[in-house]
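**Q** Show me how the following folds:
(chains A and B)
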Amino acid sequence: EPEVTQTPSHQVTQMGQEVILRCVPISNHLYFYWYRQILGQKVEFLVSFYNNEISEKSEIFDDQFSVERPDGSNFTLKIRSTKLEDSAMYFCASSESGPYNEQFFGPGTRLTVL
Amino acid sequence: AQRVTQPEKLLSVFKGAPVELKCNYSYSGSPELFWYVQYSRQRLQLLLRHISRESIKGFTADLNKGETSFHLKKPFAQEEDSAMYYCALSPGGSQGNLIFGKGTKLSVKP
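**A** Next up, the predicted model:
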């Protein structure tokens, strides 16, 4: 059964460094999402992506964040200059047909900012 | 403001007992509501959604617009139901972004 994959599973970085989190959505899916979960808190929506552009973003998704679909398979989240408070689990999700449909989640990348 | 509230952090029941995981939402329009589940060491996955009106693994959820609730119920809990359960809302007109509650950890004891 196809699954969303994410790499790396754990990323440790120094404050101020750039990180790129990678996701490979399910191949025939058209809608892509990033969420994050700070330890002990709720899963929070960051951004949705459709037709090669951002369709929605939350207040969390400020200028430090960017997303890209550089080829037909990868979907990346870049954090330009990491802060301590960016430490969280980052989940990628994809959906075949978007609104109100099932989102398939990846296993997550744990980002630790020191 | 759009918000999903799951008042119980932990719910512990015995096998065979009924279980109800509470979810209340705050949203002025017509949301779509979901329950997602995360079993131990597994990824987050959809359990059920309001629009499908289905029963999955014996679980059902009814949308009560008057009480703005979407509680998850199962008449007889099984040990394999032990997991983290998240209620989520997708605002009408959105591209599907989900607003999650904090989750309820269900523990079913033998």
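**Q** By mean pLDDT, point me to the weakest helix or strand of the chain.
**A** Chain wasn't specified; assuming chain A. Lowest mean confidence among the helices and strands of chain A (mean pLDDT, DSSP states H and E): strand A:53-57, at a mean of 93.
**Q** not what I meant, chain B
**A** When the helices and strands of chain B are compared on mean pLDDT, DSSP H and E, strand B:60-64 comes out lowest with a mean of 90.
**Q** And the average pLDDT for the helix or strand following that strand is what?
**A** Using DSSP states H and E, the helix or strand that follows strand B:60-64 in sequence is strand B:69-74. The average pLDDT within strand B:69-74 is 96.
**Q** Do strand B:69-74 and chain A come into contact?
**A** No. Strand B:69-74 lies apart from chain A when judged by C-beta under 8 Å from any C-beta of the partner chain; the minimum separation is 14.1 Å. C-beta here means a position set from N, CA and C on the backbone, and glycine is covered the same way.
**Q** Run through the neighbouring helices and strands of that strand.
**A** Strand B:69-74 sits against strand B:19-21, strand B:24-26, strand B:32-38, strand B:60-64, strand B:83-90, with contacts defined as 3 or more C-beta pairs under 8 Å, 6 or more residues apart in numbering or on different chains; DSSP states H and E.
**Q** For chain A, find the nearest of those strands.
**A** Chain A lies closest to strand B:32-38 among those, at 4.5 Å (C-beta to the nearest C-beta).
**Q** interface residues of chain B facing chain A?
**A** Close to chain A, as judged by C-beta under 8 Å from any C-beta, chain B has residues B:32, B:43-46, B:49, B:51, B:86, B:90, B:93-103.
**Q** What subset of those residues is buried?
**A** Buried residues within the residues of chain B next to chain A, defined by neighbour count using 16 or more other C-beta atoms under 10 Å in any protein chain shown: B:32, B:43-44, B:46, B:49, B:86, B:90, B:94-103.
**Q** quick revisit: what's the most buried one of the helices and strands packed on strand B:69-74?
**A** strand B:83-90 (a mean of 24; mean count of other C-beta atoms under 10 Å in any protein chain shown).
**Q** tell me the secondary structure for B:Arg43?
**A** State at B:Arg43, reduced to three classes by DSSP: H, G, I helix; E, B strand; the rest coil: coil.
**Q** residues touching it, list them.
**A** A:3-4, A:105-108 (C-beta atoms under 8 Å, 6 or more residues apart in numbering or on different chains).
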